[in-house]
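S.K.: no sequence for this one, just the structure:
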């Protein structure tokens, strides 16, 4: 099904094109904006044009589609590898979409946590998991020159999102990776606040959205690549990637955690290592 | 002379470090912030450490030091080439610094045009040319592990700045290049507004700050590299790079103007071609 959408802008980058797209989302019951980078291989007039696979990038708290597109420096290598990249927003937005009652930046607007909320008043709009795993790929695959070969990656809250999306949907993604992910949201302050509101007080239900819990019962052993800066100010309180390594080792799930000395939580860290992630994804997507 | 300065932040990027520095500027009579990227070759503990040359990057209208550092994707290649990069702000700022009376974005704050103003109330603070060609290099060379081998580049208003700085100071820079420069500010609306206020109504004096005029009497024939997008919305009204090519040809000054099909005025354009510029600069700086 092709939904209505509007191209807000179309910018040439590294021989390809970066489009910002606005569309009505049924899953989120609001209008949404996402970015899609199409590499030179599928530009109009490119010889022998064949559709390309897609990497979905999930951003962190407070971000929109623009943080990744402007700061990650990903398009040079995406152009080389013939990879499309789709970067959605991090929450529903707009009139009628409730945000944090106290105006905090770690819940609500810009902080959808890639779950499907069950509690009011959040359940009407906060269904980012359904959006990024189902509705958005349907729209992208129906309207752009891409295949249904997908992979997923993200940063911080989006790293959590990428891991959970891949672990909940065996076969849907060919590769997964994360920068500075919240691997155990059910056990850290950011996750406790968000899950308590979106999902309610029953902590057992939180585990359906927690990578450390999901990996224990995963039926597909998709290798996970994680980069983490050792000077990240959120490392000890919110991220704790070692918890995922322990959970993965218990079940033999392949996880590569690279602790990067001196790096922090910023997009400067992501820019430094994004090439490795893109090559990790391309190897699986084009295999 | 070592002036007082404060390191606001120090971020690891591509094995080097990006520092934001705050210091009192005598030239501008206010406090200023600039960014300096130091490549891995001069990081603390790097073996056989020797000082590195410096590229100065001048940004365009409305920018601060952060646009280039966050969006240009320059540090990967700077790290490879062993190049420091210094990115100053685009105007004096702070309490007591007058901005545009109408709050416009093309004059005053964020729009210093890299001239030394002679008219009131601008002359007290708006001396960006003296700042970027003299005071800032003095501070950088006294306090960071860099040599006095310098080059200069910039974008739009900063492309104008880079060309004028190089043309006015033979021998001071080993290389110069520009993205989408305002090559003939004395003859376009942005320049007429800024020069009329900063320099007064005598148009002859404007020519001392106009690359097309300066190139005619240059005593040094430093090759100029220019990239320009052909879908840049400012191309025909404000930029007109062909005017510089004509002025350069008349005197045998080497100018390479590369018209890049499909590209606009944004940092996505800069990111696409910054590697070529960095290699152009490094070849001259390390020759």
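M.R.: Structure received. This one's a predicted model, so the numbers in the text were calculated from it and none came from an experiment. Numbering: from 1, shown residues only, chains lettered A, B, ... in the order given.
S.K.: residues touching residue A:51, list them.
M.R.: Shown in contact with residue A:51 (CB atoms under 8 Å, 6 or more residues apart in numbering or on different chains): A:42, A:145-147. For the C-beta atoms, the positions are set from N, CA and C on the backbone; glycine is no exception.
S.K.: dump those to CSV, plus secondary structure, pLDDT and distance to chain B.
M.R.: As requested, the contacts of residue A:51 are arranged in CSV below (DSSP: H, G, I helix; E, B strand; the rest coil; pLDDT from 0 to 100; distance: CB to the nearest CB, whole Å):
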residue, secondary structure, pLDDT, distance to chain B
A:42, helix, 92, 15
A:145, coil, 96, 17
A:146, strand, 97, 20
A:147, strand, 97, 25
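S.K.: PyMOL command to pick out the buried ones of those residues?
M.R.: A single PyMOL command suffices to select whichever of these are buried according to 16 or more other CB atoms under 10 Å in any protein chain shown:
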select buried, chain A and resi 42+145+146
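S.K.: and which of the contacts of residue A:51 is nearest residue B:121?
M.R.: Using CB to CB, residue A:42 is the member of those that lies nearest residue B:121, at 54.1 Å.
S.K.: so, low pLDDT: which residues of chain A?
M.R.: Counting by pLDDT under 70, the ranges of chain A that qualify are A:1-3, A:45.
S.K.: residue furthest from the geometric center of it?
M.R.: Relative to the centre of chain A, the most outlying C-alpha is that of residue A:47, 31.4 Å out, by CA atoms, centre = their mean.
S.K.: excluding chain neighbours, what is closest to residue A:96?
M.R.: If you skip the residues right next to it in sequence, residue A:96 has residue A:30 as its closest partner in space, 7.2 Å away by CB to CB, 6 or more residues apart in numbering or on different chains.
S.K.: isn't that neighbour right next to residue A:125, touching?
M.R.: Yes: between residue A:30 and residue A:125 there is a contact under CB atoms under 8 Å: 5.9 Å.
S.K.: between the two, what contacts are shared?
M.R.: Residues touching both residue A:30 and residue A:125 (CB under 8 Å, 6+ apart) are A:92, A:96-97.
S.K.: the residue in the stretch 51-200 of chain A positioned nearest to chain B in helix, strand or coil?
M.R.: Residue nearest to chain B within the stretch 51-200 of chain A: residue A:73 (3.9 Å; CB to the nearest CB). Here residue A:73 is coil, with the state taken from DSSP: H, G, I helix; E, B strand; the rest coil.
S.K.: so what's it up against?
M.R.: Contact partners of residue A:73, counting by CB under 8 Å, 6+ apart, are A:271, A:274, B:73, B:76, B:271.
S.K.: of those residues - the most surrounded one?
M.R.: residue A:274 (27 neighbours; other CB atoms under 10 Å in any protein chain shown).
S.K.: that one - that's part of a strand, no?
M.R.: No: following the definition three-state DSSP, residue A:274 is helix and is not counted among the residues of a strand.
S.K.: surely it meets residue A:76?
M.R.: No: because the distance of 9.5 Å does not satisfy CB under 8 Å, residue A:274 is recorded as not touching residue A:76.
S.K.: common neighbours of those two, please.
M.R.: Counting by CB under 8 Å, 6+ apart, nothing touches both residue A:274 and residue A:76.
S.K.: residue A:130: which of the contacts of residue A:73 is nearest?
M.R.: residue A:274 (27.1 Å).
S.K.: and stretch A:106-124, how far from the chain's centre?
M.R.: In terms of CA atoms, centre = their mean, to the nearest Å, the gap separating the centre of stretch A:106-124 from the centre of its chain is 16 Å.
S.K.: and for stretch A:123-143?
M.R.: 12 Å.
S.K.: same check, this time on stretch A:273-287
M.R.: Using CA atoms, centre = their mean, the mean C-alpha position of stretch A:273-287 is found 15 Å from that of the whole chain.
S.K.: try stretch A:174-194
M.R.: Its chain's average C-alpha position is 11 Å from that of stretch A:174-194, according to CA atoms, centre = their mean.
S.K.: do stretch A:142-149 as well
M.R.: Averaged over its C-alpha atoms, stretch A:142-149 has a centre that lies 18 Å from its chain's centre (CA atoms, centre = their mean).
S.K.: what's the answer for stretch A:226-241, then?
M.R.: The chain centroid and the centroid of stretch A:226-241 are separated by 18 Å, computed with CA atoms, centre = their mean.
S.K.: does chain B have contacts with it?
M.R.: Yes: using CB under 8 Å from any CB of the partner chain, stretch A:226-241 reaches chain B at A:229, A:231.
S.K.: now, which of the contacts of residue A:73 sits nearest residue B:265?
M.R.: Taking CB to CB as the measure, residue B:271 is the one of those closest to residue B:265, at 12.8 Å.
S.K.: all strands of the stretch 151-287 of chain A, in order?
M.R.: Using DSSP state E, counting those that start in this stretch, the strands of the stretch 151-287 of chain A run over A:176-179, A:224-229, A:255-260.
S.K.: interface residues of chain A facing chain B?
M.R.: Proximity of chain A to chain B is assessed by CB under 8 Å from any CB, with A:11-15, A:18, A:70-71, A:73, A:75-76, A:229, A:231, A:262-264, A:266-269, A:271-272 identified as the residues in range.
S.K.: now, of the residues you listed, which are buried?
M.R.: In terms of neighbour count (16+ other CB under 10 Å), the buried residues within the residues of chain A next to chain B are A:11-15, A:18, A:70-71, A:73, A:75-76, A:229, A:263-264, A:266-269, A:271-272.
S.K.: so who does the residue most central in space within chain A touch?
M.R.: With the centre of chain A defined as its mean C-alpha position, the nearest residue by CA atoms, centre = their mean is residue A:58, 2.1 Å away. For residue A:58, the contacting residues are A:88, A:90, A:114, A:132, A:152-155, A:157-159, A:161-162, A:165, taking CB under 8 Å, 6+ apart as the criterion.
S.K.: columns neighbour count on top of the residues you listed, output as a markdown table?
M.R.: Written out in a markdown table, the entries for the contacts of residue A:58 read as follows (neighbours: other CB atoms under 10 Å in any protein chain shown):
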| residue | neighbour count |
| --- | --- |
| A:88 | 29 |
| A:90 | 27 |
| A:114 | 28 |
| A:132 | 27 |
| A:152 | 30 |
| A:153 | 31 |
| A:154 | 30 |
| A:155 | 29 |
| A:157 | 30 |
| A:158 | 32 |
| A:159 | 28 |
| A:161 | 35 |
| A:162 | 29 |
| A:165 | 23 |
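S.K.: now do the end-to-end distance for stretch A:246-263.
M.R.: The first and final residues of stretch A:246-263 sit 23 Å from each other (CA to CA, to the nearest Å).
S.K.: list the buried residues in that stretch.
M.R.: The neighbour-count criterion (16+ other CB under 10 Å) identifies A:247-248, A:253, A:255, A:257, A:260, A:263 as the buried residues of stretch A:246-263.
S.K.: so if I had to pick from residue A:30 and residue A:125, which one is more boxed in?
M.R.: More crowded of residue A:30 and residue A:125, by other CB under 10 Å: residue A:125, with 22 against 17.
S.K.: that one contacts residue A:28, correct?
M.R.: Yes: distance between residue A:125 and residue A:28: 5.4 Å, which falls inside the contact criterion (CB under 8 Å).
S.K.: list the residues that contact both of these two?
M.R.: Here residue A:125 and residue A:28 share the contacting residues residue A:92, scored by CB under 8 Å, 6+ apart.
S.K.: ranges for the helices of chain A?
M.R.: In chain A, the helices defined using DSSP state H lie at A:65-71, A:75-81, A:128-130, A:136-143, A:157-168, A:189-198, A:203-206, A:211-216, A:242-251, A:267-285.
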